[in-house]
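> sequence below, structure please.
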Amino acid sequence: MSGEAKLDILSRIYRAGAKPPSGRAHPPAAAAHPHAELVEQFAAYTAEYRARVHGCTEAELPGTIVSLLAGERAILPPGLPQMWVQSGLHTLDSGQSHHELSAFGAVVTGCAVAIAETGTVVLDHGAGQGRRALTLIPDHHICVVCESQVVGSLPQGVAQLGAAVRAGRPLTMISGPSATSDIELSRVEGVHGPRRLDIVLLLSTGQLAFKLLLALEKGS
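Just a heads-up that it's a prediction; the model follows:
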């Protein structure tokens, strides 16, 4: 069963207000690996899906985003921290139509949770993440993931999405750029969403060794 199917089943259980047979919810088991290893695993698996992964500190984040935008006109969701995007080439989402959204080259968002075992980013479309159209229509998605948002497994990720599900917000699971294959298995990117996905890992100073590892891998 795919991760998307599991999340769909669990989401329906949340909406129905169902409980486990014991009548008591059991929290997912904590990850057995150090958190730094989970962050590295998430980065490695995300890169396998052809996403570009970047590590930076909070002070470096605005410059990193400006570099990734490379002059593209970007649209931003309400609630995104102002210090993240300091370039003038951006517009705040105010309910633009799908046609109007197609005029933007990029979107910058945060996320709700990131899952190490699948290299997946989950958006619950709360503050700083925007509506679904915002993250599906522009061709370039820059998603900022705080290292504290990385969890080991899908059940751990689902446990953090309960509030969004109960509020009726949609969940979007992103594993690499949008891609599909035709009957001859020819890969086509960008059919159902952005063709380019940049994951920016916002790291504490304690994770600078991981940042260096990323830099070395890019240079190899």
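> how far does the host helix or strand of residue 37 sit from the chain's center?
Counting by DSSP states H and E, the element that carries residue 37 is helix 35-48. Put simply, helix 35-48 sits 13 Å off its chain's centre (C-alpha atoms, centre = their mean, to the nearest Å).
> what ranges do the helices span in the protein?
3-16, 35-48, 61-69, 98-101, 132-136, 154-159, 162-166, 208-219 (DSSP state H).
> can you tell me which of those the model trusts least?
Among those, helix 208-219 carries the lowest mean pLDDT, at a mean of 58.
> hmm, back to that, for the helix holding residue 37, list every residue counted as buried.
Residues 35, 38, 39, 40, 41, 42, 43, 45, 46, 47 are the ones in helix 35-48 that count as buried (16 or more other C-beta atoms under 10 Å). All C-beta spots, glycine's among them, are computed from the backbone N, C-alpha and C.
> tell me what it is packed against?
strand 52-56, strand 150-151, strand 196-202, helix 208-219 (3 or more C-beta pairs under 8 Å, 6 or more residues apart in numbering; DSSP states H and E).
> for the residue most central in space within the chain, give the beta-bridge partners.
In the chain, the residue lying closest to the centroid (C-alpha atoms, centre = their mean) is residue 121, at 3.4 Å. When bridges are taken as DSSP bridges, the partners of residue 121 come out as residue 114, residue 174.
> endpoints of stretch 83-91, how far apart?
End-to-end span of stretch 83-91 (C-alpha to C-alpha, to the nearest Å): 14 Å.
> ok, and what's touching it?
The contact list for stretch 83-91 (C-beta atoms under 8 Å, 6 or more residues apart in numbering) reads 61-62, 65-66, 69, 71-76, 104, 108, 144.
> mind redoing it with 6 Å?
Stretch 83-91 is contacted from outside by 61, 62, 65, 66, 73, 74, 75, 76, 108, using C-beta atoms under 6 Å, 6 or more residues apart in numbering.
> buried ones among the residues you listed?
Applying 16+ other C-beta under 10 Å to the contacts of stretch 83-91 flags 61, 62, 65, 74, 75, 76, 108 as buried.
> ok and the helix holding residue 37 relative to strand 196-202, angle-wise?
For helix 35-48 against strand 196-202, the angle by axes from the mean of the first three to the mean of the last three C-alpha atoms, to 10 degrees is 170 degrees.
> neighbours around residue 103, how many?
By other C-beta atoms under 10 Å, 12 other residues sit near residue 103.
> and if you look at the one 10 residues further on?
Using other C-beta under 10 Å, residue 113 has 22 other residues around it.
> surely it touches residue 160?
Yes: the pair residue 113 / residue 160 is scored as a contact, 5.0 Å apart, by C-beta atoms under 6 Å.
> run through who's touching the helix holding residue 37.
Taking C-beta under 6 Å, 6+ apart as the rule, helix 35-48 contacts 31, 53, 114, 116, 119, 147, 150, 152, 199, 210.
> stretch 115-123 now?
3, 38, 41-42, 45-46, 49, 111-114, 129, 143, 150, 152-154, 157, 172-175.
> in that stretch, which residues are buried?
Quick answer for stretch 115-123 (16+ other C-beta under 10 Å): 115, 116, 117, 118, 119, 120, 121, 122, 123.
> now those residues in JSON lines, with distance to residue 89?
Rendered in JSON lines, the data for the buried residues of stretch 115-123 read as follows (distance: C-beta to C-beta, whole Å):
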{"residue": "115", "distance to residue 89": "32"}
{"residue": "116", "distance to residue 89": "33"}
{"residue": "117", "distance to residue 89": "36"}
{"residue": "118", "distance to residue 89": "33"}
{"residue": "119", "distance to residue 89": "29"}
{"residue": "120", "distance to residue 89": "29"}
{"residue": "121", "distance to residue 89": "24"}
{"residue": "122", "distance to residue 89": "28"}
{"residue": "123", "distance to residue 89": "23"}
